[in-house]
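Asks: just a sequence and a predicted model for now, questions to come.
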Amino acid sequence: MLLGLAVGVAGGFWWGSYAGACYDDSSCTVRWDAVSAVGTWVGGLGTIAAVLVAARTFQGEEKARRRAARRAALTAAERQNEDQKNAALIRVGTSVGSYTRSHITELRFAVHNDSTENPVFKVRLQNKEWGIDAQVCHRLDAGHGNTYQVKFGFNSGRESPSVPEDDRQAWLDQILEATIMSFEMNDRVWTRRGQSPPIASS
């Protein structure tokens, strides 16, 4: 976004210089002194962008430091209880992405981190019946989500399932209950089958 802003401002500045030079002048000689100033504009915007990136990085590091300090003040039992509550906020849902009149052509798994401050890592989905064993994302920050799509039919290697519209929600629920999600949070690996409570495996 910042790069686009810099290019836009620089382009506008250059065009303004060009248009100013061409006004009532058939030779339309570009004002090279003004054009050379574009580098100064771009450099200034680049500095602003660097400052904003540094500020965002600092905010992220400070938030992580405060989170670590707060956890350190908890007892082992309190940390375990807090981790269990936060792990329960990592959810997965299923939906039909696309379909024809009689067949499903795309199935979607939506993973969401509903916690307020805990990022999770190495989010993975497994479903043996549908041949799914894939990492959805390496990192999922608090308040964010990600979607994993499963294609059926042409060039997918999977036959399109025929599911009547009235039966689709039950079909989706069945797939969800057979799906195992795993992720890492606070140096522990968690697994969760469907809507069941998450279990820490290490």
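Replies: Ah, there it is. Numbering: from 1, shown residues only.

Asks: how about residue 127, what does it touch?
Replies: 133, 175, 178-180 (Cβ atoms under 8 Å, 6 or more residues apart in numbering). For the C-beta atoms, the positions are set from N, CA and C on the backbone; glycine is no exception.

Asks: and residue 116, by the same measure?
Replies: 142-143.

Asks: hey, where'd the strands end up in this protein?
Replies: 90-99, 104-113, 120-127, 132-140, 145-151, 180-185, 188-193, 199-200 (DSSP state E).

Asks: parallel or antiparallel, list what pairs with the fifth one.
Replies: Same thing as strand 145-151. strand 104-113 (antiparallel) (DSSP bridges).

Asks: now do the third one
Replies: Counting by DSSP bridges, the strands paired with strand 120-127 are strand 132-140 (antiparallel), strand 180-185 (antiparallel).

Asks: kindly compare burial across the ones you listed and name the winner.
Replies: Burial of the strands paired with strand 120-127 is given as mean neighbour count (mean count of other Cβ atoms under 10 Å); strand 180-185 ranks first at a mean of 20.

Asks: out of the strands of the chain, nearest to residue 44?
Replies: strand 132-140 (32.4 Å; Cβ to Cβ).

Asks: what about the closest one, average pLDDT?
Replies: For strand 132-140, mean pLDDT rounds to 96.

Asks: what does stretch 51-59 give?
Replies: Rounded mean pLDDT across stretch 51-59 is 68.

Asks: which residues of the protein fall in helices?
Replies: 2-22, 32-72, 76-87, 168-177 (DSSP state H).

Asks: report the buried residues of the third one.
Replies: When neighbours are counted by 16 or more other Cβ atoms under 10 Å, the buried residues of helix 76-87 are found to be 83, 86-87.

Asks: quick check: domain ranges of the chain?
Replies: 2-73, 82-200 (automatic domain parsing).

Asks: ok, of those domains, where does mean pLDDT dip lowest?
Replies: domain 2-73 (a mean of 60).

Asks: for the residue nearest to residue 158 when sequence neighbours are not counted, phi and psi?
Replies: Nearest non-adjacent residue to residue 158, counting by Cβ to Cβ, 6 or more residues apart in numbering: residue 152, 4.8 Å away. Main-chain dihedrals, residue 152, degrees, to the nearest 10: phi -120, psi 160.

Asks: quick one, what contacts residue 152?
Replies: For residue 152, counting by Cβ under 8 Å, 6+ apart, the contacting residues are 103-107, 158-161.

Asks: quick check on those residues: which are buried?
Replies: 104-107, 160-161.

Asks: I figured residue 91 hits residue 112, correct?
Replies: Yes: applying Cβ atoms under 8 Å as the test, residue 91 and residue 112 come out as touching, 5.4 Å apart.

Asks: quick one on the thing from earlier: could the strands of the chain be laid out in CSV, adding distance to residue 56?
Replies: Listed next are the strands of the chain as CSV, based on distance: least, Cβ to Cβ, whole Å:
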stretch, distance to residue 56
strand 90-99, 24
strand 104-113, 19
strand 120-127, 20
strand 132-140, 15
strand 145-151, 20
strand 180-185, 22
strand 188-193, 27
strand 199-200, 31
